[in-house]
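# Sharing a model prediction with you, sequence too.
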Amino acid sequence: MAEHVILFAGPMGAGKTTAIQTLSEIPVVLTEANNTERHVADKATTTVALDYGEIMVSDEEKVRLYGVPGQRRFDFMWDILKERAVGMILLVNNDAPNPIALALEFLEEFSELNSRGGVVMGISRSDVSGGPSVDDYSAAISARYPELVVPVFTVDTRNTSQMRLALMTLIMNIEARSAFTLNGSTAA
Amino acid sequence: MSVPAHKDQAIIDNAATVLNEMRALCKSLVYAALLTDDGFEVVSLPSYHQTDGSRMASMASSMQALSDAVARELKMGSSEYIIIATQTGYVLQLRVPSQSLVLSALFGDDETLGKALSISRLSAQKMSALMTPAAV
């Protein structure tokens, strides 16, 4: 059986835990702690180690879904989890202060995942604020990383079909890149 | 909105008292910290060890949450202790009863695990008692 490990990264409050709960076909393993940073994200709890879920995307293909904590003070978990991942769904809440800078910061931090597999970006909470548009994010990513192809979606992390679309886009990108690399090395 | 524990001076003072008493009871205590559930250091003992307190607090928070998740997954009840044993000592970690706080302590290898456990448990209980308003 083929398996992919996909990370969900992004700042606190972007909806990473919710996205994994939406997608997972098993009860999600959560590591929530009481959140003392209510001024940063007004929610009762926050992920302090990882979230874990699983989904079968075909009869022979399982995707392991790992969520990382959003706060930089947990970056040791980023290092541990990105070693085993082949791709990332980057979630950024559009009502965060300077969300484009946050997106670029996370892309930089997890850049090896793009070179290894692929990255898809989901903009959450785009309906609750007048933040940047999808085009704004795409333009900023292209300007900073002209070599990257990062599909950008607006997502409601509670919506199964929207999250499945983002996930399947990522899986297809990873598989296409893998096939291309394989064919390239065979041809050489 | 209440003041978080790591910014509450009364809690910080109580935590310092508990850790100082802990050190007085156990000379092999190399490092100890009380931290919030989400990884902020409330107070730590001055350490001769090269320890980045804020990083240790974050790692201790993750460990605590992971051990809770494992205990939950295996339906074993709640996690009481975490022990990391190495050639040069032990890291011992446990929750402060009834509070969103964790006690994490590093003991040298000249300490018995039993005594380290006992002192850690007593210190966590003391911290809990200090934070609980006395019954009228």
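Happy to help now that I have it.
# The lowest-mean-pLDDT helix or strand in chain A: which residues count as buried?
Here the helix or strand of chain A ranked lowest by mean pLDDT, DSSP states H and E is helix A:160-187, holding a mean of 84. Going by neighbour count (16 or more other Cβ atoms under 10 Å in any protein chain shown), the buried part of helix A:160-187 is A:162, A:163, A:165, A:166, A:167, A:170, A:171, A:173, A:174, A:175, A:177. The C-beta positions use only the backbone N, C-alpha and C, and glycine is treated the same way.
# which ones are touching the fifth one?
Spelled out, that is residue A:167. A:6, A:23, A:55, A:57, A:63, A:89, A:120 (Cβ atoms under 8 Å, 6 or more residues apart in numbering or on different chains).
# was I right about the third one contacting residue A:62?
Yes: if you go by Cβ atoms under 8 Å, residue A:55 and residue A:62 touch, sitting 7.4 Å apart.
# more crowded one of these two?
residue A:55 (20 against 15; other Cβ atoms under 10 Å in any protein chain shown).
# secondary structure element for that one?
strand A:51-58 (DSSP states H and E).
# Give the closest residue to residue B:32 in space, chain neighbours not counted.
residue B:105 (4.0 Å; Cβ to Cβ, 6 or more residues apart in numbering or on different chains).
# should've said residue B:61
Closest residue in space to residue B:61, ignoring its immediate chain neighbours: residue B:39 at 3.3 Å, by Cβ to Cβ, 6+ apart.
# Show me the strands in chain B, by range?
B:29-36, B:41-44, B:82-86, B:89-95, B:101-108 (DSSP state E).
# partner strands of the last one, parallel or antiparallel?
Pairing partners of strand B:101-108, with direction, according to DSSP bridges: strand B:29-36 (antiparallel), strand B:89-95 (antiparallel).
# ranking those strands by burial, who's on top?
strand B:29-36 (a mean of 25; mean count of other Cβ atoms under 10 Å in any protein chain shown).
# what's near enough to touch the most centrally placed residue in chain B?
The centroid of chain B falls nearest to residue B:103 when counting by Cα atoms, centre = their mean (0.7 Å). Residue B:103 makes contacts with B:32, B:33, B:34, B:93, B:94, B:95, B:96, B:120, B:123, B:124, B:127, as judged by Cβ under 8 Å, 6+ apart.
# out of those, what pair is the most spread apart?
B:32 and B:95 (14.6 Å; Cβ to Cβ).
# so which helix or strand takes in residue A:66?
strand A:61-67.
# Determine if any part of that strand is in contact with chain B.
No: Strand A:61-67 lies apart from chain B when judged by Cβ under 8 Å from any Cβ of the partner chain; the minimum separation is 12.4 Å.
# if we can go back for a sec, looking at the buried residues of helix A:160-187, which is nearest residue B:21?
Closest to residue B:21, out of all of the buried residues of helix A:160-187 and judged by Cβ to Cβ, is residue A:163, at 50.4 Å.
# Distance check, that closest one against chain B.
Using Cβ to the nearest Cβ, to the nearest Å, residue A:163 is found at 22 Å from chain B.
# Residue A:92 belongs to a strand?
Yes: the assignment for residue A:92 is a strand, going by DSSP: H, G, I helix; E, B strand; the rest coil.
# for chain B, what are the nearby residues on chain A?
So far as Cβ under 8 Å from any Cβ goes, chain A lies against chain B at A:29-38, A:46, A:48-50, A:69, A:71, A:73-74, A:76-77.
# Please repeat the previous calculation with a cut-off of 6 Å.
A:29, A:31, A:33-36, A:38, A:46, A:48-49, A:73-74, A:77 (Cβ under 6 Å from any Cβ of the partner chain).
# From those, list the buried ones, please.
A:29, A:31, A:33, A:34, A:35, A:36, A:46, A:48, A:49, A:73, A:74, A:77.
# if I pick the fifth one, what's in contact with it?
It refers to residue A:35. Shown in contact with residue A:35 (Cβ atoms under 6 Å, 6 or more residues apart in numbering or on different chains): A:43, A:45, A:46, B:38.
# Kindly reformat the residues you listed as CSV containing distance to residue A:153 and pLDDT.
Output for the contacts of residue A:35, formatted as CSV (distance: Cβ to Cβ, whole Å; pLDDT from 0 to 100):
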residue, distance to residue A:153, pLDDT
A:43, 23, 89
A:45, 26, 93
A:46, 24, 94
B:38, 29, 94
